[in-house]
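Trainee: Build me a structure from this.
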Amino acid sequence: MAATWAMNSLGASALALSLISSAATFPFFLFTLPAGALADLADRRRLLRFFNGWLACSAGFLAVCAYAGGLTREVILVGVFLLGTGFAFQAPVASASIPEIVGKEQLPSAIALGGIQMNLAGIVGPALGGLLIPLVGVSTIFTLNAAAFVLVLIAVKAWRRAKVAVNTPLEGFFDSLTGAVRYMRYAPGVRIVLLRNLIFGVLIGAIPALLPVIGLKVLHLGAVNLGFVFTSMGFGSLAGAVLILEPARKRLKPNQMTILASLTLALAYALMATVRYPRAFFLVAAVAGAAWTVSASELWVAGQRVIPDWIRGRMNATHMMVAQGGMAIAGLLWGALAARFNVDWALLSASLLGVVGAFTSKRWSIDFSTHANLESDPLTDTYRAPYMPEAHDGPITAIIEIDIAPQNHIRFFRIMKQIRLVFLRNGAFNARLDQDIENPNRFRLQAMYSSWAALQRTDQRFTRDENALWSELWTLHLGQELPRPKRYLGIQHWIPEESATLRLKPTPPPAASGDRTAVEG
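Mentor: Purely as a prediction, here's the structure:
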């Protein structure tokens, strides 16, 4: 509220007002994925403390500039960008912490509760801003904002996070980023949710981009009434979270809910282009807020259901990056349309996009997420050999041979297509299936890993759905016993001959025996 009001007080155009939304959301596109990697590698409690300190300093920067009389358009955009950067790093860490606090059954309710507190803040914040700006000015608002982040620091300090034992070496930071890209590429369900988030981001981005323009340039609202516009949207979001979400989930599938939400949002945009009575406009903003909450909540829950715990921080970051990237694009798109033509034309275009998005939702349905079981089900590796490599030695090639009856070949190939994706998204950089020319019923599955530690991490990343694929595969094997894997350590041509002979170390005696064989590795 304070940034928007200050920008308008400087005589900013419609495009400049829309750029505030882009400055706040573009950092999510730039920094959220590295933040997700940090969330999976570092102590999340410490990260939350650091980034809330960053947010406090960013708000303090705007306060100092306002008190010193140096609040220009460029300074406002830089300050909003710094705040957006802090949120971009903080958000994946905070969201990845939710499953640590609640169980799988409570996850949808916990996400809805998180949305409720955000909506309450969305009600109180703009209303307070609108009331206080005429009384104390924007400089005091920025100061109060900085103080609020200090309160969050105190709240985070009270969280006692349980420590989790790690049995395998952690990935490096850049390997972690590569793993996130790899998982996106080879997890079809994740790609569907990401695409839906991108479409939703562009659609919903019309609200933060155009609402200030409508309020200030079309309705000519004062600070108090402009705050009430955002407060009305917050009331609608709260109503959507409290009164609509749970009853709708009992009667409708997730994809049906997102379709209805998109159509409702399209209607709200069309009404925003025609309604010019402030009180009626407040009601339309409330409808838009309710549709926003319903669609965002269902897409977020679907994303949580298709993400295993070991990569949750990075994938949450990716979802945010895509959605906020869409909103950043929307700020430029809708703002440019409003400047080139008029704000009504931009709103009607957004309404048309909502209708188109609702129809395309059937093609990329998120209903599959309700049947996913990505609960961790790691393998207990009883693979023993006289000699073993060090953790970072590699590359490692794992090979297993399996005999399949001719009548089961088609079913086998279908299963292997999915198992290949399992290997690639969980840590292997190559996976292939070969058929024996001399015995067409014998097949060899080969997976390659960058190091011995990468192979061990893959064994720890298996989920119940992925182990179910292996169980189905073993029913097709002709042999009486499960095939035993063989593993090879790659010898690179640049390694000195003396070093190559010493790379495998004698295996120490086992401390305890496992009860499942990691034949999949």
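Trainee: what's the neighbour count on W345?
Mentor: The local packing of W345 (other CB atoms under 10 Å) involves 13 other residues. Yep, even glycine has a C-beta here, placed from its N, CA and C like the rest.
Trainee: what sits against the residue nearest to A431 when sequence neighbours are not counted?
Mentor: Among residues not flanking A431 along the chain, F423 sits closest, at 4.0 Å (CB to CB, 6 or more residues apart in numbering). Contact partners of F423, counting by CB atoms under 8 Å, 6 or more residues apart in numbering, are A431, A447, T458.
Trainee: Show me where the stretch 401-521 of the chain has its helices.
Mentor: Ranges of helices within the stretch 401-521 of the chain are 409-426, 452-460, 464-474, 497-500, based on DSSP state H, counting those that start in this stretch.
Trainee: Present those helices as CSV; the columns should include mean pLDDT and distance to P27.
Mentor: Formatted as CSV, these follow (pLDDT from 0 to 100; distance: least, CB to CB, whole Å):
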stretch, mean pLDDT, distance to P27
helix 409-426, 92, 27
helix 452-460, 85, 30
helix 464-474, 88, 34
helix 497-500, 58, 46
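Trainee: Please work out which of the ones you listed is packed deepest.
Mentor: Across these, averaging neighbours per residue (mean count of other CB atoms under 10 Å) puts helix 452-460 on top, at a mean of 22.
Trainee: mind checking how far that helix is from the chain centre?
Mentor: Distance of helix 452-460 from its chain centroid, counting by CA atoms, centre = their mean, to the nearest Å, is 24 Å.
Trainee: export that helix as PDB, just CAs?
Mentor: C-alpha atoms of helix 452-460 as PDB (Å, rounded to 0.1, in the frame of the first residue of the first chain):
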ATOM      1  CA  TRP A 452      29.200 -44.100  -5.500                       C
ATOM      2  CA  ALA A 453      27.500 -41.600  -3.200                       C
ATOM      3  CA  ALA A 454      25.000 -40.700  -6.000                       C
ATOM      4  CA  LEU A 455      24.000 -44.400  -6.300                       C
ATOM      5  CA  GLN A 456      23.500 -44.600  -2.500                       C
ATOM      6  CA  ARG A 457      21.400 -41.500  -2.500                       C
ATOM      7  CA  THR A 458      19.200 -43.000  -5.300                       C
ATOM      8  CA  ASP A 459      18.600 -46.100  -3.100                       C
ATOM      9  CA  GLN A 460      17.400 -43.800  -0.300                       C
END
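Trainee: who are the neighbours of it, in terms of helices and strands?
Mentor: strand 396-403, helix 409-426 (3 or more CB pairs under 8 Å, 6 or more residues apart in numbering; DSSP states H and E).
Trainee: Adding distance to S109, write these out as JSON lines.
Mentor: Converted to JSON lines, the helices and strands packed on helix 452-460 look like this (distance: least, CB to CB, whole Å):
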{"stretch": "strand 396-403", "distance to S109": "41"}
{"stretch": "helix 409-426", "distance to S109": "29"}
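Trainee: now for the ones you listed, which one comes closest to T4?
Mentor: helix 409-426 (42.0 Å; CB to CB).
Trainee: now the closest one against helix 464-474, angle please.
Mentor: Per axes from the mean of the first three to the mean of the last three CA atoms, to 10 degrees, the angle that helix 409-426 makes with helix 464-474 is 150 degrees.
Trainee: low-scoring stretches of the stretch 1-150 of the chain, by residue?
Mentor: Under the criterion pLDDT under 70, the flagged ranges of the stretch 1-150 of the chain are 14, 99-101, 103-105, 107-108, 112, 115, 119, 122-123.
Trainee: wait, isn't R44 in contact with S95?
Mentor: No - applying CB atoms under 8 Å, one finds R44 not in contact with S95, separated by 10.2 Å.
Trainee: Do a quick rundown of the strands in this structure.
Mentor: Taking DSSP state E, the strands of the chain run over residues 387-388, 396-403, 430-435, 442-449, 486-489, 505-506.
Trainee: for the last one, what is the average pLDDT?
Mentor: When you say that, I think you mean strand 505-506. Mean per-residue pLDDT for strand 505-506: 68.
Trainee: next one: the first one
Mentor: Averaged across strand 387-388, pLDDT comes to 74.
Trainee: go on, the fourth one?
Mentor: Strand 442-449 comes out with an average pLDDT of 93.
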